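Student: Coordinates for the following, if possible.
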Amino acid sequence: MTIQEVARAWSLEPLLRTLKPVLRLHDDGDFAEGGGDAHHYELQCALNGGKAWMDEAAQSELGMGEPGFFREDAENVLLAAGWSPHADLIGKEGASVAKPAPSNRARPDLLAFVPRVNIALGDAARILGDEHSAGAWGRWRDALADAVDAGRILAGSWGMDRDEQTLSHADIRAWCKASGITWPVPLPEGCESDAAAVDANLRAELDKARECIAELERERAGLLEKIGEGGEPPAWTRHDTRLFRLLPAWIKAAQSGGAWEKQETLVPAMAEKYRLTKADAKALDAVTRPDSLRKKQLLP
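Tutor: Residues are numbered from 1 along each chain as shown. Take a look at the predicted model:
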């Protein structure tokens, strides 16, 4: 349906502004997002007896394709505003055109996200905001964060800025589909369904998990070997206090210079780094410092 048809059906420009225009391309009849300048020009023509000023942007878009709206979107906007759709706006069965699946041509700015296994939360929110909310992505950020917190989207850790938290691309797509939301990033070439893309992402996540498991197994084997060499019983390793957990870090720091660091410099530095009292810091130094150095460098 063209803009002229919508304008003849109802002359409420503010409502039209809430609709996202599309272009039906002249060369192949495919759809592409955009056409805002052409939309404005044809709307003014429809409302002003066919007279309106055409700028270069509108002329360029009209050269690419015919601007208009998807019939379903126009009906939904009218219903949300409390208006009954005009008879000219409601198509007969089979007359409406289904929305096309996202394509690289429609949103070339999303091409870099097509092969991504993970997408930052901030980027995902902006993509959804541009697609559904005219760039107002704050609410989409909150919705994505809520889905992550609820366990519906697999995500990594984050530091000072949660927008940098990485989210599983496959989970974002699945969450959008389950919620009736269009995720505009196209599927990779050769993937004819969401399942194919999900399988590829799951395989990548599985490979990463296997690497983590292998690393943990190596650490476990090393710890068991050290326990066996020292002769300490397994129960000794289960002792759990804050100072006890700091022993490995303390020993590593003390030996970082090649020789065991002097107590005068080690104790204040470690006390400041781990927010220890002077007594706790000296206690850690006392139980870790080699016997050959203790009598020479103990503080009074």
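
Student: so how far is the first residue of stretch 131-150 from its last?
Tutor: This stretch, stretch 131-150, spans 24 Å end to end (Cα to Cα, to the nearest Å).

Student: scratch that, stretch 154-169
Tutor: One end of stretch 154-169 sits 9 Å from the other (Cα to Cα).

Student: likewise stretch 49-56?
Tutor: Taking Cα to Cα, stretch 49-56 runs 21 Å from one end to the other.

Student: got the contact list for it?
Tutor: Here stretch 49-56 makes contact (Cβ atoms under 8 Å, 6 or more residues apart in numbering) with Asp37, Tyr41, Glu42, Gln44, Cys45, Leu62. C-beta here means a position set from N, CA and C on the backbone, and glycine is covered the same way.

Student: Doesn't Ala38 lie inside a helix?
Tutor: Yes - under DSSP: H, G, I helix; E, B strand; the rest coil, Ala38 sits within a helix.

Student: The contacts of stretch 49-56 into TSV, with extra columns for pLDDT and distance to Glu225?
Tutor: Output for the contacts of stretch 49-56, formatted as TSV (pLDDT from 0 to 100; distance: Cβ to Cβ, whole Å):
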residue	pLDDT	distance to Glu225
Asp37	80	71
Tyr41	79	77
Glu42	78	77
Gln44	76	80
Cys45	76	82
Leu62	80	75
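
Student: Now do the helix or strand containing Asp171: which elements does it pack against?
Tutor: Assigning secondary structure by DSSP states H and E places Asp171 in helix 169-178. Contacts defined by 3 or more Cβ pairs under 8 Å, 6 or more residues apart in numbering; DSSP states H and E place helix 169-178 against strand 118-120, helix 194-230.

Student: re the thing from before, which among the contacts of stretch 49-56 count as buried?
Tutor: Neighbour-count burial (16 or more other Cβ atoms under 10 Å) is assigned, among these, to Asp37, Tyr41, Glu42, Gln44, Cys45, Leu62.

Student: how close does the nearest residue to the fourth one once chain neighbours are set aside get to Glu42?
Tutor: Okay, so that is Gln44. What sits nearest to Gln44 in space, not counting adjacent residues and going by Cβ to Cβ, 6 or more residues apart in numbering, is Ala52, at 3.6 Å. According to Cβ to Cβ, to the nearest Å, Ala52 stands 8 Å off from Glu42.
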